[in-house]
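>>> predicted structure and sequence below. I'll ask about it afterward.
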Amino acid sequence: MKRIGVVTSGGDAPGMNAAIRAVARIAYSKNFQVLGFERGWKGLLMNIFKPLTPRSVGGILQLGGTILRTSRCPQFRKREGIRKAAENLALNNVDGLVVIGGNGSFEGALELSKETGILIVGVPATIDNDVFGTDETIGFDTAVNTAVTEIDKIRDTAISHERIFVVEVMGRTRGFLALTVGLTVGAEVILVPEVKCKTESILEIIKENSAKGKRSGIIVAAEGIGDTRKLAKEIEEDTGAEVRLSILGYAQRGGNPTARSRLLASLFANKAIELLSEKKGNRIVGLQKGRITSVELEKSCNTEKPLDLNLLWLANILAT
Ligand code: F6P
């Protein structure tokens with residue numbers, strides 16, 4: 001192994017830069033050259049890259065986003081695109097590729113692995129935390145903390161005005177972010193796509209709370225549950241309470257990574273380079289029960305990560 005490529009793809013996540021830095025420096029310590037492909041898979045298709053050295057990745061550890069830039073790249077879903085990327089990797093004598101991203105990026109990586117003999121290792125980085133094979137992804141902890149900080153502020157207004165707030169958090173089709181955020185802000189209701197919850201049940205909780213003397217509340221809703229605007233309106237109309245909707249949006253994706261996101265980024269990168277130096281590819285690295293491990297890329301792509309519903313049960317008890 002002489003030369004490896006690194007790419008960040010899909011939605012940016014805080015800690016991607018920490019991962020790029022660690023990949024570049026650990027690879028250098030093993031005498032590998034590192035090429036950073038820019039703008040996600042587009043960089044592989046268009047052959048846009050820059051050499052990464054220990055010095056060129058200085059000063060980025062604490063920055064959100066990704067210095068390599070990123071994109072969602074529909075061309076990469078097509079056979080032609082995959083072929084082009086494989087050609088460019090061969091042209092640049094790249095022997096191994098580190099893909100920093102989430103499920104969409106790993107699906108692309110899997111297709112690419114079928115087209116080329118190049119060893120590919122995935123480093124899970126997404127605020128959604130929905131990658132099978134790791135208990136936590138890079139960026140998740142930062143996004144949780146960002147959302148918690150914002151919702152604590154919203155709570156002040158909720159209490160002062162005796163209002164109900166529906167707060168929509170990201171997470172794509174999954175409820176990992178909503179569940180952890182909901183539990184840690186003491187949300188009265190947590191709505192995740194994995195558990196269907198009828199509006200009547202939500203109304204019942206709000207009315208019970210009101211009867212108990214709780215005149216305000218926070219409902220944390222994953223974006224994947226559907227129309228939160230409609231939900232807020234229905235709650236207002238039925239209960240007569242003042243209800244407001246707050247969509248936290250892209251602020252959850254940015255900002256300085258927390259220490260935990262930086263630590264995961266460094267440990268994952270270390271494992272990724274270790275695998276490549278042992279000539280092991282087609283795997284994603286991860287954290288499982290406190291240990292840094294790896295699983296097959298294909299298994300990760302084809303398996304749905306389960307949501308721990310015990311946490312939902314706990315959160316409901318804590319919010320009584
Ligand atoms: O995967 C990260 C994420 O922020 C999701 O939570 C969200 O659904 C999606 O990306 C938004 O994607 P885009 O940046 O393409 O609008």
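Cool, got the structure. If you're wondering where the values come from, they're calculated on a predicted model, not measured in any experiment.
>>> excluding chain neighbours, what is closest to the residue positioned nearest the centre of the chain?
The residue lying closest to the centre of the chain (Cα atoms, centre = their mean) is residue 126, at 1.7 Å. For residue 126, ignoring the flanking residues on the chain, the nearest one in space by Cβ to Cβ, 6 or more residues apart in numbering is residue 102 at 3.3 Å. (C-beta placed from N, C-alpha, C; glycine too.)
>>> the one you found contacts residue 129, doesn't it?
No - if you go by Cβ atoms under 8 Å, residue 102 and residue 129 don't touch, sitting 9.1 Å apart.
>>> between these two, what contacts are shared?
residue 137 (Cβ atoms under 8 Å, 6 or more residues apart in numbering).
>>> for those two, indicate the residue with more neighbours.
residue 129 (27 against 24; other Cβ atoms under 10 Å).
>>> any idea how far the ligand is from residue 97?
21 Å (Cβ to the nearest ligand atom, to the nearest Å).
>>> part of a strand, is that residue?
Yes - checked against DSSP: H, G, I helix; E, B strand; the rest coil, residue 97 lies within a strand.
>>> neighbours of residue 282, how many?
For residue 282, using other Cβ under 10 Å, the count is 19.
>>> now swap in residue 248 and tell me
20.
>>> show me the contacts for it.
Per Cβ under 8 Å, 6+ apart, neighbours of residue 248: 146-147, 150-151, 167-170.
>>> would JSON lines of the residues you listed with pLDDT, distance to residue 111 and secondary structure be doable?
Formatted as JSON lines, the contacts of residue 248 follow (pLDDT from 0 to 100; distance: Cβ to Cβ, whole Å; DSSP: H, G, I helix; E, B strand; the rest coil):
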{"residue": "146", "pLDDT": "98", "distance to residue 111": "32", "secondary structure": "helix"}
{"residue": "147", "pLDDT": "98", "distance to residue 111": "33", "secondary structure": "helix"}
{"residue": "150", "pLDDT": "98", "distance to residue 111": "37", "secondary structure": "helix"}
{"residue": "151", "pLDDT": "98", "distance to residue 111": "38", "secondary structure": "helix"}
{"residue": "167", "pLDDT": "98", "distance to residue 111": "37", "secondary structure": "strand"}
{"residue": "168", "pLDDT": "98", "distance to residue 111": "32", "secondary structure": "strand"}
{"residue": "169", "pLDDT": "98", "distance to residue 111": "30", "secondary structure": "strand"}
{"residue": "170", "pLDDT": "98", "distance to residue 111": "26", "secondary structure": "coil"}
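>>> what residues does the chain have near the ligand?
11, 72, 102, 126-128, 170-172, 223, 253 (Cβ under 6 Å from any ligand atom).
>>> quick one: the strands in this protein, in order.
3-8, 33-37, 49-52, 96-101, 119-124, 163-169, 189-191, 217-222, 242-247, 283-288, 291-296 (DSSP state E).
>>> got a markdown table for those, with distance to residue 236 too?
Listed next are the strands of the chain as a markdown table, based on distance: least, Cβ to Cβ, whole Å:
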| stretch | distance to residue 236 |
| --- | --- |
| strand 3-8 | 41 |
| strand 33-37 | 49 |
| strand 49-52 | 52 |
| strand 96-101 | 39 |
| strand 119-124 | 39 |
| strand 163-169 | 8 |
| strand 189-191 | 15 |
| strand 217-222 | 12 |
| strand 242-247 | 4 |
| strand 283-288 | 41 |
| strand 291-296 | 45 |
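>>> contacting residues for the residue in the stretch 101-250 of the chain positioned nearest to the ligand?
As assessed by Cβ to the nearest ligand atom, the ligand sits closest to residue 170 within the stretch 101-250 of the chain, at 3.2 Å. Residues near residue 170 by Cβ under 8 Å, 6+ apart: 127-128, 143, 177, 222-223, 248-249, 252-253.
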